[in-house]
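Trainee: Predicted model and sequence follow; I will ask about them next.
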Amino acid sequence: MIFTPWRSLGKKTGFTEYSLAETLEGGQSFLWAKTASGSWLGTWGDNITELRIVSGSLEWRTPKQRTVERKEIVRYLAIDSEYDAICNSLPWRSDPVLADAMKRFRGLRILRQPLSETLFCFLLSSVKSIPQIKDLCLNTAREFGEELVPGIHAIPTWERLAEVAEPDLRALKYGYRAKYVAATAERLAGEPDFFENCLAMPYVDARSKLIELPGVGGKVADCALLFGGAKLEAFPVDTWIAKVMSDRYGMAGWNLDQIASFGRIHFGPHAGLAQQFLFSAVRAG
DNA sequence: CCGCAGCCTCCCCT
DNA sequence: AAGGGGAGGCTGC
């Protein structure tokens, strides 16, 4: 494949080798893979981009036959957000657990993925590890998604998924998730403005709307809105976060909804970023 | 309202 | 070497 020349986004992005890796494949997206040369190649929507860090600068390039505008990269990686100010607004001064996680993963950002695609990936995520979710997503793309360049496919649209029979999803090893995807696809195919409407709503309303979909509960809705809807107040509670809140914040015995409510209040309007720092830290051990 | 088993499949463990 | 238990959740009882 022929690529454009590498272009630089500079050093001010704050990304390090470590925080870029954690941002791209630390559980927010399942569509990035490390290349033999150590760069990252991935997709979102119908975009394909390769990223790398050289001498502390973030660099990017795209296939020549399918270029991506610089502003799209900036938007996806949230480089245009006031990162230092947002980090500073988190309650790290009074929260040593958060302070430690932020120190270890400085530079970690919340991606701005397409909401539709993000919801799809997280609908497949229940009781799966990251490598397994990646396999499911990429196999689905290869089977049903548009071929963007030879060998690289986009995640199919919900409209396309609505045409796929449930047994064909089972054949891709979806397991019990097949009926969730089939039912949600059928529902969404009749509501072309669903995601646009969600994005226009406040977080709480968008969350309720997503939870109406088959197979979508609080955790999946929060992941979709945080990583695919830029709703930074979302505080997804999975088993890892439940564990750290139980062990380090004295919340043993609290249920998942209670932990999520506490997280949104304690960490504030950017609770989702705090969640991702804690998630990365507890997962790294 | 709350807690829990069951759901597919894979993986790790014995 | 075969078989049980649990995994980044949701649903229905």
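Mentor: Looks like it came in fine. Only a predicted model underlies this, so the values are computations on that prediction, with no experimental measurement involved.
Trainee: State the mean pLDDT of stretch A:138-150.
Mentor: What stretch A:138-150 shows for mean pLDDT is 97.
Trainee: State the three-state secondary structure for the residue in chain A that DNA strand B sits nearest to.
Mentor: Closest to DNA strand B within chain A is A:Gly175: 2.5 Å, counting by CB to the nearest atom of the strand. Glycine gets a C-beta too; all of them are placed from N, C-alpha and C. Classification of A:Gly175 using DSSP: H, G, I helix; E, B strand; the rest coil returns coil.
Trainee: quick one: pLDDT of it?
Mentor: So A:Gly175 comes in at 96 (pLDDT).
Trainee: For the stretch 151-285 of chain A, what lies in contact range of DNA strand B?
Mentor: Within reach of DNA strand B by CB under 7 Å from any atom of the strand, the stretch 151-285 of chain A has these residues: A:170, A:173, A:175-177, A:179, A:255.
Trainee: Serialize the residues you listed to TSV and add fields for neighbour count.
Mentor: Shown next, in TSV, are these (neighbours: other CB atoms under 10 Å):
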residue	neighbour count
A:Arg170	15
A:Lys173	13
A:Gly175	14
A:Tyr176	10
A:Arg177	20
A:Lys179	15
A:Asn255	10
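Trainee: now, the most widely separated pair of those residues?
Mentor: A:Arg170 and A:Asn255 (31.7 Å; CB to CB).
Trainee: hmm, back to that, next, the contact list for the residue of chain A closest to DNA strand B, please.
Mentor: If a contact means CB atoms under 8 Å, 6 or more residues apart in numbering, then A:Gly175 has no contacts.
Trainee: Please apply the same query to A:Gln258.
Mentor: A:Met251.
Trainee: Which strand or helix spans it?
Mentor: helix A:256-267 (DSSP states H and E).
Trainee: May I have that helix as CSV, with CA atoms only?
Mentor: C-alpha atoms of helix A:256-267 as CSV (Å, rounded to 0.1, in the frame of the first residue of the first chain):
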residue,chain,number,x,y,z
LEU,A,256,-22.7,-0.8,40.0
ASP,A,257,-25.2,2.0,39.7
GLN,A,258,-24.3,3.4,43.0
ILE,A,259,-20.6,3.3,42.1
ALA,A,260,-21.3,5.1,38.8
SER,A,261,-23.3,7.8,40.6
PHE,A,262,-20.5,8.3,43.1
GLY,A,263,-17.9,8.5,40.4
ARG,A,264,-19.8,11.2,38.5
ILE,A,265,-20.1,13.2,41.6
HIS,A,266,-16.7,12.7,43.1
PHE,A,267,-14.7,13.1,39.9
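Trainee: what's the next secondary structure element after it?
Mentor: By DSSP H and E, the next helix or strand past helix A:256-267 is helix A:271-284.
Trainee: And that following helix, what does it pack against?
Mentor: helix A:96-104, helix A:218-229, helix A:239-248, helix A:256-267 (3 or more CB pairs under 8 Å, 6 or more residues apart in numbering; DSSP states H and E).
Trainee: Let me know the angle separating that helix from helix A:96-104.
Mentor: 80 degrees (axes from the mean of the first three to the mean of the last three CA atoms, to 10 degrees).
Trainee: show me where the stretch 1-150 of chain A has strands.
Mentor: In the stretch 1-150 of chain A, the strands defined using DSSP state E, counting those that start in this stretch lie at A:7-10, A:32-34, A:40-44, A:47-54, A:57-61, A:147-149.
Trainee: Looking at these, which is nearest to DNA strand C?
Mentor: Short answer: strand A:32-34, nearest of the strands of the stretch 1-150 of chain A by CB to the nearest atom of the strand, at 12.4 Å.
Trainee: which residues of chain A score low on pLDDT?
Mentor: Nowhere does chain A drop to pLDDT under 70.
Trainee: Against A:Pro236, how distant is the most centrally placed residue in it?
Mentor: Nearest to the mean C-alpha position of chain A, by CA atoms, centre = their mean, lies A:Gln28 at 2.8 Å. A:Gln28 sits at a distance of 10 Å from A:Pro236 (criterion: CB to CB, to the nearest Å).
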